[in-house]
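**Student:** requesting a structural model of the entry that follows:
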Amino acid sequence: MKRGKNYKEKAKLIDRSVLYDADKAVELVKQVATAKFDETIEVHIRTGCDGRHADQQIRGAVVLPQGTGKSVRVLVFAKGAKEDEAKAAGADFVGGEELIPKIQNEGWLDFDVVVATPDMMGVVGRLGRVLGPKGLMPNPKAGTVTMDLTKAIADIKAGKIEYRLDKSNIIHVPIGKASFTAEQLSENLNALMSALMKARPAALKGQFFKSICLTSTMGPGIKLNTARYGS
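**Tutor:** Residues are numbered from 1 along each chain as shown. Now for the predicted structure:
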């Protein structure tokens, strides 16, 4: 891949042969995030899991203590009193059966997270082909299939992020913005890694975190020392 002059200049600040401590990596990622917009800071974690085995799958969610720096639009599938609860809790969109053709036929996807009460999953399931590939399908493990809509919406708005293995057994998650302080990013990173360590599959033998890379939207990757997070 051809890289621009600006990228190459930023890359000079990073020693590719070094595995950085988390605090130093956070300082560096802020230093190289010099785009004209507020870049997202992301973590990419290559795991030793084999996602083809159900007992090595990882999927869950964690509330980042400092939030994501992004305004999140929440769609809730609910009915009756639960519909009223979702609206009162600050959901951006609330509905049921009537939303199916809007999403399926009109391609309406002006939302970032979908939450549903368990009794609405039969309706939501019809949208599997649309929501599934985009990672928007509600899931109990992520806390997005629940009767406690007030808590679910509050957590999402506060900075709840979902993590899961992709087909390459890598986890990709945002932990904030370049405008965050180093302390805020470090706090979010620590919260994420703590959640992942607790989510380590019991069936996994060998190393859990093969590599951890911190990067900004337009910047080069910075490799972290995985020793701090165990094997």
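**Student:** all helices of the protein, in order?
**Tutor:** For the chain, helices defined by DSSP state H occupy the ranges 5-11, 22-32, 81-89, 99-104, 121-124, 128-131, 149-158, 182-198.
**Student:** any buried residues in the last one, and which?
**Tutor:** The neighbour-count check on helix 182-198 (16 or more other Cβ atoms under 10 Å) flags 182, 184-193, 195-196 as buried. The way it works is simple: take the backbone N, C-alpha and C, and place the C-beta from them, glycine included.
**Student:** could I have the CA atoms of the lowest-mean-pLDDT helix or strand in the chain written out in PDB?
**Tutor:** Ranking every helix and strand in the chain by mean pLDDT, DSSP states H and E puts helix 5-11 at the bottom, with a mean of 73. Once non-C-alpha atoms are left out, helix 5-11 reads as follows in PDB (Å, rounded to 0.1, in the frame of the first residue of the first chain):
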ATOM      1  CA  LYS A   5       4.400  11.900   3.100                       C
ATOM      2  CA  ASN A   6       2.400  12.800   6.200                       C
ATOM      3  CA  TYR A   7       2.000   9.100   7.200                       C
ATOM      4  CA  LYS A   8       5.700   8.400   6.600                       C
ATOM      5  CA  GLU A   9       6.700  11.300   8.800                       C
ATOM      6  CA  LYS A  10       4.400  10.100  11.600                       C
ATOM      7  CA  ALA A  11       5.700   6.500  11.200                       C
END
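**Student:** what does it contact?
**Tutor:** 3, 32, 34, 218-220 (Cβ atoms under 8 Å, 6 or more residues apart in numbering).
**Student:** same check on stretch 177-187?
**Tutor:** By Cβ under 8 Å, 6+ apart, stretch 177-187 touches 22-23, 26-27, 29-30, 33, 35, 38-41, 65-66, 68-70, 175-176, 188, 216.
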